[in-house]
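Q: sequence first, predicted model second:
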There are 2 protein chains.
Amino acid sequence: MTRAAIRAGDYKGATGHLASGFVQSNIVILPEAYAADFLKFCHLNPKPCPLLALGAPGDPRLPTLGEDIDIRTDVPAYRVFKDGKEVDVVHDIKALWRGDLVTFALGCSFSFEEAIQEAGLSIRHCELNLINPMYTTNIATLSVGPFGGPTVVTMRPFKPADAIRAIQITSRFPQVHGAPIHFGDPAAIGIADLGQAEYGGDSVPIYDGEIPVFWACGVTSQIAVISAALPYCITHKPASMLITDRRNAEFSVF
Amino acid sequence: MTRAAIRAGDYKGATGHLASGFVQSNIVILPEAYAADFLKFCHLNPKPCPLLALGAPGDPRLPTLGEDIDIRTDVPAYRVFKDGKEVDVVHDIKALWRGDLVTFALGCSFSFEEAIQEAGLSIRHCELNLINPMYTTNIATLSVGPFGGPTVVTMRPFKPADAIRAIQITSRFPQVHGAPIHFGDPAAIGIADLGQAEYGGDSVPIYDGEIPVFWACGVTSQIAVISAALPYCITHKPASMLITDRRNAEFSVF
């Protein structure tokens, strides 16, 4: 099983192509003192930060996502932050765990990508075996306490008729970012250059007759946490997600 | 009641702004000899030609759309065709009725416009009290017997985020044209100039940051009938529709 290999330290990379059919999750881990504010932040910004599961303080389990999940070992790569600065990238956080840490698991667009592909549409970064392109926008989140900052998006190019179909399909998945938030002109949402993907994503070609379509991305939660400059927090490394036992199809509301 | 006024000959114009909440319908009336082919044509082209009701040969009633409907009097304006040429525009067809005529009632985008507006979006031609812009495209229908020709579309401009919302809303109404079939570049579907609306529709301004969104239009059925050059047929005049007793909300599938 994929999660077991990750837990054993045998896989430390991106997860987009792994465990087809299963929900993957963005992870934010922070001290209990900030958890109430961050929960409210997720509540107010459900498109980029759709909350799938919330851990109990000090408890590394997320039983609603998988009976045996241990968040200290089950993510391929973690970013560790002190005072808002990344101080390390590690592959387990057993030695870093504390009794006051609270885990937030947020939906990820990989879940709706499967549904898009099942409908016969092709997703460019999947075709090309690349990591999905991510960009910072000028769309501000609604801030709560120290948490705020811009919305991050993923981009997938489609011809208009396919974009319409992709909008329909992803609308069925409100807990994993749902419908796009923009399409067309990148500058309209503050993206200067689609050729400069961020957060470890790859830029992808956009062919004649295609337009870029933008979905809210869970990396927004990392930006919110980093900009909050918390004394301590841990996130997954973008594109290296927690693989859960829940099926993507469970999250389709129609 | 609006239909009574139309029946009495007191109203002969466009119906888009009338009888809010009630389904309006495109009308095609043709000889029984062609009815089977035209029914198949509608079946194969459900986006432009969604069949709401089918009359019995020689019977001017459409009881599933309204108990007292008489298709000979209840449309504000009719186009009469002989051998594919319009020979008259009239306001009732009692004198033109025949025992072999079959009525096809097809869904109309007015039904989803109400839902779009209820969601707080503004529709340009409604704002400006104009008739919705219609255009011939290069998207061919699937032809059956003598029936074929291009798909006609209506156009509504929106900002991308509102276009995404409008796609979601209209997807709920598959029997009244459903989701758009294109957005963005008009030339991609063979429209040379959005400033030249056809079929009695008005062109509307597209403001900065907006993109044109195109829905299949019931006028497609008229083009199919005209291009078939039937010895005899009658249609409604575009924008002057049959007002039914069915509520738009009945046709929302979610």
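A: Great, that's in hand.
Q: buried residues, stretch A:72-84. List them.
A: A:Arg72, A:Thr73, A:Asp74, A:Val75, A:Pro76, A:Ala77, A:Tyr78, A:Arg79, A:Val80, A:Phe81 (16 or more other C-beta atoms under 10 Å in any protein chain shown). C-betas here are computed from N, CA, C, even on glycine.
Q: actually stretch A:140-159, sorry about that
A: Buried residues in stretch A:140-159 (16+ other C-beta under 10 Å): A:141, A:143-144, A:146-159.
Q: what does stretch A:165-184 give?
A: Buried, per 16+ other C-beta under 10 Å, within stretch A:165-184: A:165-171, A:173-184.
Q: just give me how far it sits from the chain centre.
A: On the basis of C-alpha atoms, centre = their mean, to the nearest Å, stretch A:165-184 sits 15 Å off its chain's mean C-alpha point.
Q: okay, how far is it across it, tip to tip?
A: 16 Å (C-alpha to C-alpha, to the nearest Å).
Q: hmm, it touching chain B?
A: Yes. Shown here: stretch A:165-184 in contact with chain B (C-beta under 8 Å from any C-beta of the partner chain) through A:Ile167, A:Gln168, A:Ser171, A:Ala179, A:Pro180, A:Ile181, A:His182, A:Phe183, A:Gly184.
Q: before we move on, back to that, in TSV: the buried residues of stretch A:72-84, plus distance to B:Gly66, secondary structure and pLDDT.
A: TSV is the format used below for the buried residues of stretch A:72-84 (distance: C-beta to C-beta, whole Å; DSSP: H, G, I helix; E, B strand; the rest coil; pLDDT from 0 to 100):
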residue	distance to B:Gly66	secondary structure	pLDDT
A:Arg72	67	coil	98
A:Thr73	67	coil	97
A:Asp74	61	coil	97
A:Val75	61	coil	97
A:Pro76	63	coil	97
A:Ala77	64	coil	97
A:Tyr78	65	strand	97
A:Arg79	64	strand	97
A:Val80	68	strand	97
A:Phe81	66	strand	97
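Q: ok, A:Gly120 to B:Pro76 distance?
A: According to C-beta to C-beta, to the nearest Å, A:Gly120 stands 43 Å off from B:Pro76.
Q: same check on A:Gly148?
A: 55 Å.
Q: repeat for A:Val144
A: As judged by C-beta to C-beta, A:Val144 and B:Pro76 stand 55 Å apart.
Q: kindly report the same for A:Thr244.
A: To B:Pro76, A:Thr244 is 58 Å away according to C-beta to C-beta.
Q: next: A:Pro48.
A: Distance, A:Pro48 to B:Pro76, using C-beta to C-beta: 49 Å.
Q: now stretch A:205-221: average pLDDT?
A: For stretch A:205-221, mean pLDDT is 97.
Q: which residues touch A:Ile69?
A: A:Arg3, A:Arg61, A:Leu62, A:Pro63, A:Leu242, A:Thr244, A:Asp245 (C-beta atoms under 8 Å, 6 or more residues apart in numbering or on different chains).
Q: next, A:Leu39: phi, psi?
A: With angles defined as degrees, to the nearest 10, A:Leu39 sits at phi -60, psi -40.
Q: next: A:Ala14.
A: Backbone torsions of A:Ala14, given as degrees, to the nearest 10, read phi -70, psi 150.
Q: about what we covered before: closest one of the residues of stretch A:165-184 next to chain B to A:Ile223?
A: A:Ile181 (15.4 Å; C-beta to C-beta).
Q: separation between A:His17 and chain B?
A: According to C-beta to the nearest C-beta, to the nearest Å, A:His17 stands 28 Å off from chain B.
Q: what are the boundaries of the helices in the stretch 151-254 of chain A?
A: Under the criterion DSSP state H, counting those that start in this stretch, helices of the stretch 151-254 of chain A are mapped to A:160-171, A:219-227.
Q: now render those helices as TSV, adding distance to B:Ala197.
A: Shown next, in TSV, are the helices of the stretch 151-254 of chain A (distance: least, C-beta to C-beta, whole Å):
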stretch	distance to B:Ala197
helix A:160-171	20
helix A:219-227	41
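Q: contact residues of chain A facing chain B?
A: Contact residues, chain A versus chain B (C-beta under 8 Å from any C-beta): A:160-161, A:163-164, A:167-168, A:171, A:179-185, A:188, A:209, A:211, A:254.
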